[in-house]
Structures are given as C-alpha cells and as structure tokens.
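Enquirer: Need a 3D model of the sequence below.
(2 chains)
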Amino acid sequence: MIRYLLSRVGQSLVLLFLVSLIGFMVLNLAPGGPLSQFALTPGMTKETLDRIAEQMGLNRPLPVQYADWLWHLVQGDWGKSFRDGRPVLTIINGHLFATLLLMGSSTLLSVVIGTWIGIRSAVRQGSAFDYIATVAAMIALSIPTFWFGLVSIFVFSLWLGWLPAGNMYTVGDGSLPDIAIHLIMPSFVLALVNVAVWSRYMRSATLDVISQDFVRTAQAKGLAPRRVLMKHIVGNAMVPMITLAGMQLPTLLGGALVTETVFTWPGMGRLFLDSLGYQDYPVVMGLLVFSAVLVLVGNLLADLLAAVVDPRIRLD
Amino acid sequence: MTQDKTRFSISRRQTLMMMGAAGVTAFGPGLAGLTGAARAQDAPKGQVVVGFSQEPTVFNPHLLHIEVDEGVHYAIFDPLFDVDTEGKFYPLLATEVPTVDNGGISADGLNWKITLRDDVKWHDGTPFTAEDVKFTLELLMNPDFRSWRRTGHEHVRDLTVVSPTELTWRMDKPFAPYAAILASTFIVPKHAFEGVDPNEAPFNNAPIGTGAFKWQERVAGDHIELVANPDYFGDGPYLERVVLKYIPDMTVLYTQFKTGDIDVAALQWITPDHYEEAKGLEGRAVEIVGNAFFESLTFNMSKPQFQDLAVRQALYHALDKQAIIDALYYGVPSVTETYMPRESFYYNPDLPQHEFNIEKANAILDEAGWVRGADGIREKGGVRLAFTNSTTAGNHLREQAQQFIQQTFREVGAEMTISNLPPAVMWGDYWMMSQFDTVIVGLNVLTGPDPESSDYFMSTSAGATGGAGQNTWVYNNPEVDELLKKGAELVNPDDRKAVYLKIQEILRSDLPFLPIFQYAVIPGYKTGLQGYASNINNRIDTWNIRSWRWV
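Expert: So this is what the prediction gives:
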C-alpha cells in the first residue's frame, strides 16, 4: 500500500513537471506577449513597451525564464501576477471560496437529483419515466450553458423578478440569505448538465447490478423489494460513481468558465479566462499547476476510495 | 468475512445518507434567502454602483495599465489640474492652471511655475506638499520603475521645490502638450514609497490619494469599494460609497443595468444593438456620445501595392462607409474624414467628403495603369493588387465589415484576403513592426485633449524602420514631420490650430489610412443620478465622480 502510494506520488510529480513545461511553452511560444495588449493604449510607444519588457525580465531566454519560475515554485513561491502584482497563491485563494460554493452546491444538486433519476429509470426500465428521463437528459446535454443561463436570467430576473440577475451577493449585504438567493440560479443552471450525466451513469450502473445473481438470490430469499433496492442494488451501483466523483473534483475547484461569466460569479473559471485574456502568465501557470494537482489528487483519492469500498479491488 | 461485509454496507449507506442530507442543505438557504431579495432592492441612497466590463487591477496610476484602471484613479487621486467637457483646464491640486498670461509658463514655454493649495491632506492624514509633486514627476523617469509613460516628463529639468506650496522647473525644449499630459498625471504620495521598491510598494494595492473617495476594499474578480473622503478639499463628494463592479460580459452588463443592479453602465457601455431598447427604459438616461477613437482601414505604406496614391484613393472610393455604419453598427458612430474627434477644438470640418463610387474607383485605377488580369485582379509593373487584411479575431462587427469591404474591393479589381489573428499576436510585433498589409483598427492618436500625435505620424516613429513610436503605416511625409514639430512647440492654441488643420488636410489627401468612422459610445445611468457627464477629453466615466449625487 505504502509502495503503491509512493509510486503514484512519484508518477504525479513527473506528470506535474511535464504539464508545467508544456503549459509554459504553449504560452510563451505563441507570438505576441503579455505586453501586446497595451499597444493600442493612447500614447503608447514601442520604446515604452520594450523598456517595460526589459524591466520585467520578459526578454530573457525562455529556458532561463522557465528555470527561474520552476526554482521559485519548488521553494513555494508561485510568482506574482503581471496585472496587480499580488502573489499568485493569494489570488487563487481569493477565488477559491466562490467556486467551491457554486460548484459544491450545484454538484450536490446534481448528485442527489441525478442519482434518484438514474435509479428510478433503471428500476423501471422502459417505463414512461425512463423514456422521459432519457430524452430530457439528451436535451439537457445539448443545451449550451450560456444560452440556458441567459434564458433563466430573462425569465426569473427580468420577467418574473424573483431572482437576482447575477453576482454572488448584493454589494454591502453579503449575508447568508443574500448569498443563498444569488446562488440559486447559477447552481441550477450548472447542475442541469451534471444531473444528466449523473443520471445516465447511475442508470447504467444500476442496470448492471440488477441483472446480477446475488440480486436474484436476495429477491428469492423474500427480502422486501425496498431493502433489496437500497442495500443490494444501490449500494453496489454506487461504487463506479466514486470514480466519477473523483474525476469531478478538479472541475469542482476549477470552476465553470461559462456559468461564472454569465452570472458574474467571481470564481476560478473566470479568473482563468481573465488571466488568459490579459496574458497574465504567472497566474495562468499557477492555475495550470493547481488544477493539475487537483486532477492527480482526485484520481488517486478515487482509486483509494474504490478499493476501500469494493474489496475486490486490490492496489498493488 | 460476514462482519466485514456488514461494515462496508453500512459505510455505503452512510455515504448515501450524507449525500441526501447535503442535498437538503443546498435547498434550505435558497428558500430562506427569498426575503433577502426584497431587502436587497432598496439600496442605500448614498451608494452608486458603476458597472465596468473590464476589471480594474492596477491602482498605481503610473504603472502600465488599461483604460478601466483609470476609473479608480480618478476617484482616488487628483492631478494638478484637469480638463472639463469643453476641453478647458480647471485647477485641482494647483491653485490655478499655469498659462503664459498668469505667469505660470514663461513666454518661450520653457519655465514653469506651479502654486499648490495649502489645505490638502492625503487620505492617511499626512499633509500634501510640493515634495509629493516632485516625487511623482521623478518617479515617472525613475529607471527602476515600470513607468507607463515618459512622454513630456523627459523634458523636465531642474525640478525645484521652492516652498511646500510652490515648485518650478525648466523644459529642455518647448513642449506644448505638456499641460495636457500633466492634466492626466495623478499625484502620488512620496511617503508611501519610502524604502520600498516602487514596483511592489504596498501602495500599489491599497492606494492613498487626495481624491474625493478613499480606498476601502477590493474583492478580486468582483468589485472595488470606495468610501467618501470627508476631508476632501474641493466640492463634493456627495455619495457615501462608490462600488466599481466588474461584469465580464457586455450583454450581462446591459441586463444588470436593466434590472437596476448597476446604476451606471460605464466602460465599455451599452452595445449599439441594445440602444433602441435602452432608450425606452423607464428611469434610465441613455445617450450617444463621441469618443476619441477612430476606426480606419490602415495601409502598410512600405508594401509595393500601396506605394501608388491612386490605389489608396481608389480603395477609398470603393469603401462603403455609411453602409458599414448603418448595417453593422446600428448607425451609432458617425462618418469621419480624419483622426481628430469632431468635438476637438482642432477638428478640421472642411476636409473633402468621401464618396462611395465604384465607377470612379475603377476609372482612377484604369488611368493609373493598373490593368485587370485574367482573374479580374489588377496588376501593374508585376505587382498584383492583392493583399491581406487583419484584425482581432473574435471581433464580430469588424469581421463582418471585412467581408463587406472584401466584396466592394473585388468590384474594383482588388483582392483582399482576410487573415485575422488573436489579440496577443495581432497587436504584438505584427502590428508594432508593420508586418501586415492592411489592418482594420480603432486608434486614438492624441495626447489626451491635446492634438499632439508625433508618436504616430512622424516618419521617425515607425518601429519597422527603427523608430520608437507607433507609426505603423510607415508613413513618411517631411512636410508633416515639420508641422508636427512646430505644433508641439507653439504655445498659442490658435497658432497650433492652423498647424493641425493642415496636418489633417495632408493626411486626408495622402490617405495612409482610410478613415471609416469616429467611435461613439452609449453610456447609461439612472435618471436620479445627477452629475454624470461624458467627457471626450478624459477617457473614463468616473472623471468627475466627486460631483455625482442622487436627487
């Protein structure tokens, strides 16, 4: 077990290094650079941009810049933003809570609703419910989140006036109920797609289990149908869901680019988009490493958990 | 074995139960929050929420920044004097605007004297003195500081603090635009930079100014909160609190203006397609105002296709400007013949009017000896009249304009290939070093309200030929060079006007760029807000936020 863990951590470190190297190359080898966005600022001259590039160390050779960045990272210094000069970790930390809140609540919504729909569809395979759930899932998966978000804003904010059109809270308020009411629309919009995903996975996992011998045995023993469903079927069908949940962890913290933009939610997804837009390389690199760590940790956790829950899986 | 199995089944059930419980909590606060919405709608009267579609992140006004950052600078800092909507200077930290008449500037334009107010305090209580002004002007030239602009300041010599309220300096040459540059040079406190690297001073993220509003807090990615400075030396402020809200999408910006979440739809304003609807909104004032940027089809004059004036003239005749404005921009911007905004004192209204005329364009090219080849594309002396046109990929209006222009150019035997690039690539060396054939671009070549534009039109300013400016046309006209030099040195505005009228006339006939339109923007605000005034001379909505008030 320890050996297994050590080798996984070792693999992860190598992967992290590769991810950061490739990310750095992709960012820096593209023509233009972090300063080109200032070219059209009135009064800007080539001289000024060249001077500032020099002062910021942007015209050093790329391998030197990468080695410098990596050396600082190893020492725990993630660098500073080109835009506001704050440390990258402080910036990421500042956006983490918003994302955690949004993604957390929408994931809970989708897991609860999705699992329920999935189980019900599987148990009543071929019923009207199953049929409707299948079609609805296909539709939900096909609707662009952007469009669905705007339509929701139109209906619930502009038309009915029930919910705020966006933002995480009313400026100056920020109390729990205030945040909660702002959370409703974006988390439901975001949950829509995930409900579809979860219900499809749960349905097929449940169907797999239903046809197994031990279920038939349980039924033959005369156990109450409800007990068979909860204990034998659902319990076993949850195992593959753990892997799915592990893979969801990075998206959970990585934020949702589109939803966060439509609902002006100050989370990680928008930080990433903004940082890319402004060519804020230190922050982009920081986010890249951060999400790579999440992916690796998420997968590792999922594997470990699956082994704990399902004794048939051995880690060696 | 049996025991083990039981244990695992419990843990699985527990997992399910936990999920269920969490689901309930996710719904719980949502329902409880309904009362919160009702309360949120009556915002306190003393607060204004300004919506920006970009996020302000640079709070030291002398570091490299973008337009939107100045939204914060104007609220927190003051320059010595500023420019009003009419283009006139009015004093802020200085007691009066220096002129030749009041003795602030010597007749030759070389010696400057500034008298400062004696009743100004920094937000932290420290008195403001001439030392701060001196520090600011020196900081801009500090070789270790990533100063975003040195133009003008580089000519300052012998900066002397005569008394806490007076300072003088000498210019190494007369430079008329300097007043306009000073009008956007915010004074920063010397004491905030003592003993720290100016690029990384704590001040840069918690600015201290003399302005009408004080820094309160920033929630990165969301908003910036400023509070009234009760000790402000001037008139105002009349608002208890200002919130500068970042809304990353322009459709959402408009939606939040409509719902009332934001009080002012500021930079980058309401999109033209929403103008008709926005005009009819109850309790909102919406207006079209001119902006100092102009849209043009810009030539790289060093390419062989564009050496011949006839080509540039013919292409201008083949450009249906009005159709582009009406069909794509909802008629909001206005046709122009020059780079100078019509609101400017230096605007030349007598330039020849452009005429969209395909026959004329063809006649000009025929006469100049450009002969159509088998494929219908003209050619002369081995040069095909074929070129690429580039702009920022993803700018939908421009991309549609390009397709439109491509068609009309084709009718005169010119082949324009569209080759768009992502912004970082487009405005990097490709633009700065003139590696393009033609570009569609929106530019502001002025120095604030001043007509000085040597960095753009002077032949020595072309990056492609080793210059340090932004003459990306690689435009070279000795007469214009002379006029630009003269315009920068003359002190009297009327004398200068003659010079800049002439420059516009020459550019109109040389056509290094085909002017399409002068930009117009559509700010909106709640009608209860008094004092909001668009100012073409200051590029951000909050330039006079000290006078805003609710009525």
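
Enquirer: where does the chain have low pLDDT?
Expert: You didn't pick a chain, so chain A it is. Applying pLDDT under 70 to chain A flags residues A:252, A:254-255, A:314-316.

Enquirer: Let me rephrase: I mean chain B.
Expert: Applying pLDDT under 70 to chain B flags residues B:1-45.

Enquirer: quick one: what helix or strand has B:Thr388 in it?
Expert: Element membership of B:Thr388 [criterion: DSSP states H and E] is strand B:386-390.

Enquirer: who's in contact with the next helix or strand after that strand?
Expert: Per DSSP H and E, the first helix or strand lying C-terminal to strand B:386-390 is helix B:396-411. Helix B:396-411 has contacts (CB atoms under 8 Å, 6 or more residues apart in numbering or on different chains) with B:297, B:315, B:318-320, B:323-324, B:327-329, B:356, B:358, B:362, B:376, B:389, B:391-393, B:415-416, B:418, B:420, B:440, B:516. Any C-beta I mention is one placed from the backbone N, CA and C, and that applies to glycine too.

Enquirer: Is there a quick ChimeraX command that grabs whichever of the residues you listed are buried?
Expert: Buried residues among those (16 or more other CB atoms under 10 Å in any protein chain shown), as a ChimeraX selection:
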select /B:297,315,318,319,320,324,328,329,362,389,391,392,415,416,420,440,516
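
Enquirer: Give me the nearest residue to A:Leu276, chain neighbours excluded.
Expert: Sequence neighbours aside, A:Val284 is the residue nearest to A:Leu276 in space, at 5.9 Å (criterion: CB to CB, 6 or more residues apart in numbering or on different chains).

Enquirer: if I look at the one you found, how far off is A:Phe290?
Expert: 11 Å (CB to CB, to the nearest Å).

Enquirer: if you count what's nearby, which of those two comes out ahead?
Expert: A:Val284 (24 against 19; other CB atoms under 10 Å in any protein chain shown).

Enquirer: which SS state does the more buried one fall under?
Expert: Of the three states, A:Val284 takes helix under DSSP: H, G, I helix; E, B strand; the rest coil.

Enquirer: And it, how far from chain B?
Expert: Distance of A:Val284 to chain B, computed by CB to the nearest CB, to the nearest Å: 12 Å.

Enquirer: for A:Gly43, same thing?
Expert: 6 Å.

Enquirer: Surely B:Gly524 and B:Ile262 touch.
Expert: No - the pair B:Gly524 / B:Ile262 is not scored as a contact, 9.3 Å apart, by CB atoms under 8 Å.

Enquirer: can you list residues touching both of these two?
Expert: When contacts are counted by CB under 8 Å, 6+ apart, B:Gly524 and B:Ile262 have no shared neighbour.

Enquirer: re earlier: might one say that the residue nearest to A:Leu276 is in contact with A:Phe272?
Expert: Yes - counting by CB under 8 Å, A:Val284 touches A:Phe272, with 7.2 Å between them.

Enquirer: Count residues in the vicinity of B:Arg170, would you?
Expert: Counted with other CB under 10 Å, B:Arg170 comes out at 14.

Enquirer: Check the offset of the strand holding B:Thr388 from the chain's centre.
Expert: Relative to the centre of its chain, strand B:386-390 is centred 27 Å away, using CA atoms, centre = their mean, to the nearest Å.

Enquirer: so how far is chain B from the residue most central in space within chain A?
Expert: For chain A, the residue sitting closest to the mean C-alpha position, by CA atoms, centre = their mean, is A:Thr251 at 1.1 Å. To chain B, A:Thr251 is 17 Å away according to CB to the nearest CB.

Enquirer: What sits closest to the residue nearest the centre of chain B if chain neighbours are left out?
Expert: Centroid check for chain B by CA atoms, centre = their mean gives B:Glu67 as the closest residue, at 4.7 Å. For B:Glu67, ignoring the flanking residues on the chain, the nearest one in space by CB to CB, 6+ apart is B:Arg539 at 5.6 Å.

Enquirer: Provide a list of residues in contact with that neighbour.
Expert: Contacts of B:Arg539 (CB under 8 Å, 6+ apart): A:Pro42, B:Glu67, B:Glu70, B:Ala292, B:Asn444.

Enquirer: Of these, which belong to helices?
Expert: Using DSSP state H, the members of the contacts of B:Arg539 that fall within helices are B:Glu70.

Enquirer: In CSV: the contacts of B:Arg539, plus distance to B:Ser547.
Expert: Formatted as CSV, the contacts of B:Arg539 follow (distance: CB to CB, whole Å):
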residue, distance to B:Ser547
A:Pro42, 25
B:Glu67, 21
B:Glu70, 17
B:Ala292, 22
B:Asn444, 25
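
Enquirer: Which of the contacts of B:Arg539 fall in strands?
Expert: Within those, residues falling in strands by DSSP state E are B:Ala292.

Enquirer: Tell me the residues of the stretch 301-450 of chain B that contact chain A?
Expert: Contact residues, the stretch 301-450 of chain B versus chain A (CB under 8 Å from any CB of the partner chain): B:422-432, B:441-448.

Enquirer: Would you mind checking these for buried ones?
Expert: B:423-432, B:441-448.

Enquirer: Sort out for me which of the residues you listed are in helices.
Expert: B:Pro423, B:Ala424, B:Val425, B:Met426, B:Asp429, B:Tyr430, B:Trp431, B:Met432.

Enquirer: By proximity to chain A, which residue of the stretch 451-551 of chain B wins?
Expert: Relative to chain A, the nearest point of the stretch 451-551 of chain B is B:Ala468 (3.5 Å; CB to the nearest CB).

Enquirer: quick one: contacts for B:Leu64?
Expert: Contacts of B:Leu64 by CB under 8 Å, 6+ apart are A:Leu35, A:Phe38, A:Ile52, B:Val58, B:Arg146, B:Trp148.

Enquirer: domain ranges for the chain?
Expert: Chain wasn't specified; assuming chain A. According to automatic domain parsing, chain A comprises the domains A:2-74, A:89-269.

Enquirer: Can you look at chain B instead?
Expert: B:41-77+B:211-288+B:523-551, B:78-206, B:290-521.
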